[in-house]
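Q: below are the sequence and a predicted model; questions follow.
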Amino acid sequence: MKTRTACMAAILAAQLAGAPSYAVDWRLLDYSPVRSFNDADWALYKLTGRELLDKGADGETRTWENPDSGSHGALKAVRTYKNLVGLTCRQVKVMNSTRSMKGETTVHVCKQAKGNWQLSEPPASKK
């Protein structure tokens, strides 16, 4: 489960913000809905993600759908917080489906100085 989460987090970061911060075994995509995404699916997914990250309120869900491919998904802004170095970060639940697969994960991304969102580790839990 953690491996799939890391994989989906890397995908979200790569698609919304540029290169991921962590090494990922990309073969894991064979078991993910994004494996079947076409260019139009990716475009809708990225647009929806960027809009949610930049403008969505905590608790808000944004959906996307490509009727031509049958792919669709939703992204939910779970919470916004500041990390240890003061960057604005967001926890996002990502749900994607194709005609043959469904996948769900939660990722953490932080807004960089240049305005792009980059994959981040979850905040350390308080003991």
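A: Arrived safely, thanks for sending.
Q: centre of the chain versus the helix or strand harbouring residue 92, how much separation?
A: Using DSSP states H and E, residue 92 sits within strand 88-97. When C-alpha coordinates are averaged (C-alpha atoms, centre = their mean, to the nearest Å), strand 88-97 and its chain have centres 5 Å apart.
Q: now do stretch 84-95
A: Counting by C-alpha atoms, centre = their mean, stretch 84-95 comes out at 10 Å from the chain centroid.
Q: whichever strand in the chain runs longest - contacts with which helices or strands?
A: The strand that spans the most residues within the chain, counting by DSSP state E, is strand 71-82. With contacts taken as 3 or more C-beta pairs under 8 Å, 6 or more residues apart in numbering; DSSP states H and E, strand 71-82 sits against helix 39-55, strand 61-66, strand 88-97. Every C-beta, even on glycine, is put in place using the N, C-alpha and C of the backbone.
Q: outside of the shortest one, which residues touch it?
A: Going back to what we said before, that points to strand 61-66. Strand 61-66 is contacted from outside by 38, 40-41, 44-45, 47-49, 51-52, 56, 71-77, using C-beta atoms under 8 Å, 6 or more residues apart in numbering.
Q: what about residue 111, how many neighbours?
A: 18 (other C-beta atoms under 10 Å).
Q: what does residue 56 give?
A: 19.
Q: phi, psi of it?
A: In terms of degrees, to the nearest 10, the main-chain angles of residue 56 are phi -80, psi 140.
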